[in-house]
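Student: this is the structure alone, sequence omitted:
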Ligand SMILES: Cc1cc2nc3c(=O)[nH]c(=O)nc-3n(C[C@H](O)[C@H](O)[C@H](O)COP(=O)(O)OP(=O)(O)OC[C@H]3O[C@@H](n4cnc5c(N)ncnc54)[C@H](O)[C@@H]3O)c2cc1C
Ligand SMILES: NC(=O)C1=CN([C@@H]2O[C@H](COP(=O)(O)OP(=O)(O)OC[C@H]3O[C@@H](n4cnc5c(N)ncnc54)[C@H](OP(=O)(O)O)[C@@H]3O)[C@@H](O)[C@H]2O)C=CC1
């Protein structure tokens with residue numbers, strides 16, 4: 001492959017999601033003279049906007065989907081190639097794209113994200129949601145649906161069951177409580193009433209521009225560059241786009257055909273045993289498993305609790321698998337248990353000069369006791385920024401230390417219209433029974449949980465407008481012994497901020 005390389009770049013970054021774009025921005029600003037290529041399968045790139053450092057580790061930002069020409073205008077050293085990577089040869093330092101072109105690199109960063117880990121592949125009644133196209137497909141199918149089954153108990157399921165209107169939702173979860181990837185049972189109990197109450201009316205308007213994946217009308221090149229006229233055509237609507245951002249459902253009406261505003265029922269502690277078409281259900285002759293609520297449906301879901309539920313389609317919100325496939329063949333990448341590319345504290349994979357960041361990688365350095373990896377946009381941005389710094393530092397033979405953002409896990413998001421802040425070991429991850437919990441809850445207003453370990457705060461869940469995030473972040477970071485304060489820590493009559501000043 002090496003002698004076929006039509007151009008060799010100092011840095012090649014694969015993936016136009018948050019991790020890849022942030023990496024490119026960092027590289028271009030650190031070494032403006034270096035030639036950088038961004039190779040991405042999707043037709044657009046993601047850009048972080050309105051970045052706000054809320055506190056030492058908490059950050060908020062918005063995400064825009066943009067044509068890559070905008071990025072190229074900002075960084076004249078950058079070439080964007082819209083084509084999927086087909087193969088990689090780490091020995092010859094070459095990468096081949098779907099349109100048969102070969103590019104050389106001195107240093108490569110893989111930021112190819114993940115794809116939905118579906119319950120089953122190739123079943124037309126089972127949908128996953130990842131990018132703009134899959135969200136639009138979901139919306140289209142929903143507009144004709146009377147009942148859907150949502151499987152999974154993480155971020156996507158939590159958002160969908162709250163957002164869908166005009167359609168009955170059966171939510172099947174493995175656990176005893178909703179939202180297991182983010183909450184404990186107490187928080188779930190606090191949130192459950194919002195499921196029935198429904199979400200407040202809001203204007204359905206698009207906050208930021210969205211782009212379609214149609215070919216450019218003028219037949220313009222898929223390669224945007226200030227330097228070269230490299231043409232490619234290895235991309236199209238079937239290639240994976242970048243993962244959606246936090247408020248991906250804003251501006252999209254998730255409405256089924258029913259008049260009812262919402263009806264969500266949760267099937268707890270069950271998994272999907274089988275997914276059958278109506279013909280398969282009939283021929284299976286399982287008369288004992290009479291479908292719930294009768295009726296005739298395009299597809300039936302048999303759950304391990306013995307229920308068979310007919311529906312229009314199934315949403316498999318069951319996590320992500322790192323997109324590693326095209327990079328593995330013929331190379332010696334070490335993979336983690338979750339199938340991500342293993343990276344060390346310099347974001348380097350097991351192959352020389354190959355780095356990885358974002359959803360595709362698994363952080364395999366010795367973590368701070370207060371941090372864990374979760375495949376979130378915050379971490380994709382942080383890793384993208386840090387990997388760019390590492391790559392530039394290695395070229396310049398400069399030392400680089402693990403960034404401070406990996407000291408403490410922090411995440412701000414919104415579920416069921418409540419602000420949610422998660423800090424450190426917010427669910428007592430890895431602490432076993434060696435933890436003490438303090439909880440304060442005001443129905444419909446706030447839920448505050450603090451995780452203590454050896455008298456020190458190691459994690460917190462803050463739901464609602466608690467205004468406690470900065471103080472708690474400080475208490476977690478400084479690891480002060482809080483034993484003398486006891487339950488006063490959550491006493492609503494004490495101004496905790498003043499208390500620790
Ligand atoms: C519906 C949904 C809602 C979400 N909501 C939130 C939220 O509220 N908060 C939060 O923190 N996180 C959220 N996330 C998670 C978050 O979006 C991801 O963790 C983050 O965007 C990952 O960024 P990334 O750059 O690693 O990967 P991606 O955004 O997936 O980007 C991967 C890029 O690689 C490209 N690519 C893939 N394969 C190839 C190839 N072979 N060749 C070339 N290019 C390739 C793709 O086109 C894409 O541009 C959500 C995810 C989803 C799906
Ligand atoms: N607001 C936010 O921060 C949001 C973040 N996201 C992120 O986007 C990504 C994709 O979201 P999502 O798909 O919800 O992934 P998550 O990892 O958040 O959740 C996946 C859920 O599916 C469950 N699950 C896995 N396999 C099965 C199975 N075979 N049957 C039943 N349940 C199963 C998991 O349970 P278990 O854990 O027990 O395996 C878990 O509850 C994640 O990285 C998520 O963090 C998405 C939306 C919003």
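Tutor: Yep, that arrived. If you're wondering where the values come from, they're calculated on a predicted model, not measured in any experiment. Numbers count the residues shown, from 1 in each chain. Ligands and ions are numbered 1, 2, ... in the order given.

Student: C-alpha only now, for contacts and for neighbours.
Tutor: Noted.

Student: of all the residues in this structure, which ones are close to ligand 2?
Tutor: Residues of the chain lying near ligand 2 by Cα under 6 Å from any ligand atom: 119, 151-157, 173-174, 180-181, 246, 271, 317-320, 375-376, 413-414.

Student: burial count for the closest residue to residue 164 other than its chain neighbours?
Tutor: In space, residue 164 comes closest to residue 254 once its chain neighbours are excluded; the distance is 4.9 Å by Cα to Cα, 6 or more residues apart in numbering. By other Cα atoms under 10 Å, 22 other residues sit near residue 254.

Student: what of residue 337?
Tutor: Neighbours around residue 337, by other Cα under 10 Å: 9.

Student: repeat for residue 444
Tutor: The burial count for residue 444: 12, using other Cα under 10 Å.

Student: on that earlier part again, give me the distance between the residue nearest to residue 164 and residue 310.
Tutor: Residue 254 sits 20 Å away from residue 310, going by Cα to Cα, to the nearest Å.

Student: domain ranges for the chain?
Tutor: Listed domain ranges for the chain are 2-115+321-406, 118-205+245-316, 417-499 (source: automatic domain parsing).

Student: can you list the weak-confidence ranges in the stretch 251-400 of the chain?
Tutor: 251-252, 260-262, 285-295 (pLDDT under 70).

Student: show me which residues of it sit near ligand 1.
Tutor: 326, 358, 359, 360, 375, 376, 377, 378, 380.

Student: farthest pair within the residues you listed?
Tutor: Distance extremes for those: the farthest pair is 326 and 378 at 25.5 Å, using Cα to Cα.

Student: so the two - more neighbours on which side?
Tutor: residue 378 (22 against 15).

Student: ok so, going back, just the buried residues out of the residues of the chain next to ligand 2, in ChimeraX syntax.
Tutor: A single ChimeraX command selects the buried members of the residues of the chain next to ligand 2 (16 or more other Cα atoms under 10 Å):
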select :119,151,152,153,154,155,156,157,173,174,180,246,271,317,318,319,320,375,414
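
Student: filter the residues of the chain next to ligand 2 down to the ones in helices?
Tutor: 155, 156, 157 (DSSP state H).

Student: with respect to ligand 1, which of the residues you listed is nearest?
Tutor: Using Cα to the nearest ligand atom, residue 156 comes nearest to ligand 1 of those, at 5.6 Å.

Student: quick one: contacts for that closest one?
Tutor: Residues near residue 156 by Cα atoms under 8 Å, 6 or more residues apart in numbering: 129, 317.

Student: one more: residue 150?
Tutor: Contacts of residue 150 (Cα under 8 Å, 6+ apart): 157, 161, 169, 170, 171, 172, 314, 315, 316, 317.

Student: and if you look at residue 456?
Tutor: Residue 456 touches 476, 479, 480, 481, 482, 483, counting by Cα under 8 Å, 6+ apart.

Student: low-confidence ranges, this structure, go.
Tutor: For the chain (pLDDT under 70), the answer is 1-3, 198-240, 245-252, 260-262, 285-295, 500-501.

Student: is ligand 1 within reach of the strand or helix carrying residue 8?
Tutor: Following DSSP states H and E, one finds residue 8 within strand 7-14. Yes: using Cα under 6 Å from any ligand atom, we find that strand 7-14 touches ligand 1 at residue 14.

Student: buried stuff in that strand?
Tutor: 8, 9, 11, 12, 13, 14.

Student: right, and the last one touches residue 39 too?
Tutor: This points to residue 14. Yes: using Cα atoms under 8 Å, residue 14 is in contact with residue 39, at 4.8 Å.

Student: which of the domains of the chain sits most buried?
Tutor: domain 2-115+321-406 (a mean of 20; mean count of other Cα atoms under 10 Å).

Student: off-centre distance for that one?
Tutor: Using Cα atoms, centre = their mean, to the nearest Å, the mean C-alpha position of domain 2-115+321-406 is found 16 Å from that of the whole chain.

Student: and residue 311, how close does it get to ligand 2?
Tutor: Using Cα to the nearest ligand atom, to the nearest Å, residue 311 is found at 17 Å from ligand 2.

Student: right, and that residue touches residue 147 too?
Tutor: Yes: Residue 311 is within contact range of residue 147, at 5.0 Å (criterion: Cα under 8 Å).

Student: please name the nearest non-neighbouring residue to residue 405.
Tutor: residue 57 (5.8 Å).

Student: isn't there a helix covering that neighbour?
Tutor: No: Residue 57 sits outside any helix when classified using DSSP: H, G, I helix; E, B strand; the rest coil, being coil.
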